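Asks: sequence plus the predicted model coming up.
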Amino acid sequence: MYISTLLARLFALIVVLNLVSTAVAENWPQWRGGKLDGISQAKEIPQEWSNEKNVVWRVALPGPAGATPVVWGDRIFLTALDGEDLLLLAFDSTGKELWRRRVGTGNKSARGDEGNMASPSPSTDGTYVWSFMGSGDLACFDFDGKPIWSKNLQKEYGNFDIQFGMSSTPVLHDGKLFIQSIHSGGAIVLALDGKTGNEIWKHRRESDAKDECEHSYASPVLYQDEERAFLLTHGADYIIAHDLKDGTEIWRAGGLNPKGKYNNTFRLVASPVAVPGLIVVPSAKNGPVLGLRPDGKGDITADKKFYHWSMPSNTPDVPSPLVYDGLVYLCRENGNLIVLDAKTGERYYETRTYSDRYRASPTAVDGKIILTSRDGTMTVLKPGKKFERLAENKMNESISSSPAFSDSTMYLRTFDALYAIRKP
């Protein structure tokens with residue numbers, strides 16, 4: 001009797017623990033995940049998949065975009081085009097479309113199939129979801145699709161003067177949306193109240209960049225450790241750290257586009273990645289990559305005590321870096337992968353993975369690195385100092401967005417559809 005009672009209590013405890021585990025399942029609330037680093041804690045993600053294998057469901061989309069899906073609980077949000085309409089769509093975890101809302105209208109494609117006005121990714125905090133479009137339209141909805149507020153940043157802060165359209169994704173943090181708007185019409189950084197859309201602060205971002213170098217397609221990121229937290233904006237020849245309270249500049253680093261051999265078309269697309277103790281800063285046009293310390297003050301361009309390391313060339317031009325388990329992964333736009341030591345910058349290898357254009361950023365999940373090419377070929381690698389390919393998976397559809405993860409599911413957005421990929 002005692003043993004049966006004990007077993008019953010043990011079974012009840014296991015059930016409770018399983019329920020708790022489910023309740024605290026990881027969300028993917030914005031571009032590159034909860035910490036903006038491209039790393040997921042999800043488990044049991046399959047190693048092999050295709051547009052048929054390990055597909056739980058596939059939902060056709062009204063039009064293409066490069067935005068990453070975001071996930072909270074049983075809700076998935078993403079943007080898409082429908083003719084000239086710029087849409088935010090909501091699905092549940094079975095693939096059922098719950099609602100769609102028009103955020104703005106008036107599309108502009110960039111370099112053919114390279115991008116459009118629905119390129120920025122949405123963000124969510126579990127109660128609201130925010131969507132920004134390259135048209136300048138910014139809107140907030142609740143989880144039922146009810147409009148909370150909307151505004152157009154071009155109408156409030158001036159027209160975007162940027163060659164290929166605004167594609168920067170806002171950062172959501174502590175109830176605020178942080179936005180970088182870096183273009184020839186004037187570069188500013190904004191903090192808006194997430195619940196109302198009201199301006200909290202605006203900071204004019206100064207730079208001596210010229211011509212197309214004034215145009216940034218990168219997204220801001222957040223740096224956080226036990227001692228400090230600040231916003232990083234990337235564009236117009238500089239990476240700049242901003243105080244979260246008022247946007248004032250803490251430090252800046254240049255040297256990305258050297259003045260002695262200045263490139264007038266040096267637009268920044270790849271975003272930095274920030275992990276405790278290290279900020280990895282990409283550039284463009286085969287330029288440098290910087291490994292910076294977070295504790296700088298003023299202009300640190302020439303002050304090497306604020307550098308862990310620097311790499312003089314071979315930057316990724318579009319995919320953002322990944323830092324995982326003490327290593328830096330740089331996926332170049334041609335599929336070449338460079339792996340460095342995060343502390344010293346020592347190069348362990350450079351190799352061609354799969355030859356194609358690369359626009360999505362690398363991700364790490366379940367002890368695997370995933371690289372995504374534009375033709376839909378996804379290379380799965382074993383992390384480490386030596387190159388080891390685990391799988392090469394073909395979706396047979398164009399992809400420019402990074403995958404998102406929640407629980408044991410990978411959500412993958414192609415130009416044609418949204419997929420849920422999971423082991424049977």
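Replies: Nice, thanks for sending it over. Numbers count the residues shown, from 1 in each chain.
Asks: where in this protein is pLDDT low?
Replies: 1-24, 111-112 (pLDDT under 70).
Asks: residue boundaries of the helices in it?
Replies: All helices of the chain, identified by DSSP state H, fall at 2-23, 153-157.
Asks: and the last one, what does it pack against?
Replies: Right, the one you point to is helix 153-157. Helix 153-157 makes packing contacts with strand 176-181, strand 188-193 when contacts are defined by 3 or more Cβ pairs under 8 Å, 6 or more residues apart in numbering; DSSP states H and E. Quick note: C-beta positions are derived from backbone N, CA and C, even for glycine.
Asks: buried set for it?
Replies: L153, Q154, Y157 (16 or more other Cβ atoms under 10 Å).
Asks: which of those lies closest to R332?
Replies: Within these, the smallest distance to R332 is 31.9 Å, found for L153 (Cβ to Cβ).
Asks: test my guess that the closest one contacts Q180.
Replies: No. Using Cβ atoms under 8 Å, L153 makes no contact with Q180, being 11.2 Å away.
Asks: which of the buried residues of helix 153-157 lies closest to D341?
Replies: Distances from D341 to these, taken by Cβ to Cβ, are shortest for L153, at 40.2 Å.
Asks: residues contacting that closest one?
Replies: F132, G136, D137, L138, I179, S181, L190 (Cβ atoms under 8 Å, 6 or more residues apart in numbering).
Asks: now swap in S121 and tell me
Replies: Per Cβ under 8 Å, 6+ apart, neighbours of S121: Q30, W31, A67, T68, P69, V70, L78, T79, T169, S401.
Asks: and the gap between the last one and C331?
Replies: When distances are taken as Cβ to Cβ, to the nearest Å, S401 and C331 turn out to be 14 Å apart.
Asks: who's V70 bridged to?
Replies: F77 (DSSP bridges).
Asks: quick one, what contacts the residue nearest to I76 when sequence neighbours are not counted?
Replies: Excluding the flanking residues, the one nearest I76 by Cβ to Cβ, 6 or more residues apart in numbering is F91, at 4.6 Å. For F91, the contact set (Cβ under 8 Å, 6+ apart) comprises V59, R75, I76, F77, E97, L98, L418.
Asks: quick check: closest non-adjacent residue to L138.
Replies: L138 sits nearest to F132 (Cβ to Cβ, 6+ apart), 4.7 Å away.
Asks: hang on, the one you found packs against P170?
Replies: Yes. With contact defined as Cβ under 8 Å, F132 counts as touching P170 (5.4 Å).
Asks: which one is L412 nearest to, not counting chain neighbours?
Replies: Closest to L412 by Cβ to Cβ, 6+ apart is Y419, at 4.5 Å.
Asks: run a quick neighbour tally on D211.
Replies: 13 (other Cβ atoms under 10 Å).
Asks: distance of the residue nearest to it when sequence neighbours are not counted from T79?
Replies: In space, and not counting its chain neighbours, D211 is closest to N264: 4.1 Å by Cβ to Cβ, 6+ apart. Between N264 and T79 the computed distance is 32 Å (Cβ to Cβ).
Asks: who's more crowded, the two?
Replies: T79 (29 against 11).
Asks: what separation is there between that one and G63?
Replies: 10 Å.
Asks: which residues do these two both contact?
Replies: With Cβ under 8 Å, 6+ apart as the test, T79 and G63 both reach A118.
Asks: contacts for stretch 181-193?
Replies: 138, 153, 157-162, 166, 168, 175-180, 198-207, 214-216, 220, 231, 233, 235-236, 242, 244, 247.
Asks: OK, contacts around the spatially closest residue to T351 that is not a sequence neighbour?
Replies: In space, and not counting its chain neighbours, T351 is closest to F387: 4.9 Å by Cβ to Cβ, 6+ apart. Applying Cβ under 8 Å, 6+ apart to F387 gives the contacts L337, V339, Y349, T351, L381.
Asks: how about the residues you listed in TSV, adding distance to A253?
Replies: Below are the contacts of F387 laid out as TSV (distance: Cβ to Cβ, whole Å):
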residue	distance to A253
L337	25
V339	23
Y349	27
T351	29
L381	30
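Asks: among those residues, which ones are buried?
Replies: Buried, going by 16+ other Cβ under 10 Å: L337, V339, L381, out of those.
Asks: just those residues: which are in strands?
Replies: L337, V339, L381 (DSSP state E).
Asks: who does the last one bridge with?
Replies: What that stands for is L381. Beta-bridge partners of L381, as defined by DSSP bridges: I369, R389.
Asks: same check, this time on the second one
Replies: As for beta bridges, V339 partners with Y329, Y349 under DSSP bridges.
Asks: how far away is it from I369?
Replies: 9 Å.
Asks: check contacts around the nearest residue to I39 once chain neighbours are set aside.
Replies: Counting by Cβ to Cβ, 6+ apart, I39 lies nearest to A364, which is 4.7 Å off, once chain neighbours are set aside. For A364, the contacting residues are G38, I39, S40, L322, Y324, D325, I370, P383, by Cβ under 8 Å, 6+ apart.
Asks: could you measure from A364 over to Y324?
Replies: 4 Å.
Asks: got any residues that touch both of these two?
Replies: With Cβ under 8 Å, 6+ apart, A364 and Y324 have common neighbours I39, P383.
Asks: what sits against V56?
Replies: G95, T409, A420, I421, R422.
Asks: can you rerun that using 7 Å?
Replies: A420, I421, R422 (Cβ atoms under 7 Å, 6 or more residues apart in numbering).
Asks: burial count for the second one?
Replies: The one in question is I421. Quick note: I421 (other Cβ under 10 Å) scores 26 neighbours.
Asks: cool, and the last one?
Replies: For R422, the number of neighbouring residues by other Cβ under 10 Å comes to 19.
Asks: surely it is in contact with S406?
Replies: No. In this structure, R422 is not within contact of S406 by Cβ atoms under 7 Å, at 10.2 Å.
Asks: burial measure for the closest residue to L330 other than its chain neighbours, as a count.
Replies: With Cβ to Cβ, 6+ apart as the criterion, L330 has its nearest non-adjacent residue at 4.3 Å, and that residue is I338. Other residues lying near I338 total 20 when counted by other Cβ under 10 Å.
Asks: could you do the one 3 residues further on as well?
Replies: The burial count assigned to D341 is 16, neighbours taken as other Cβ under 10 Å.
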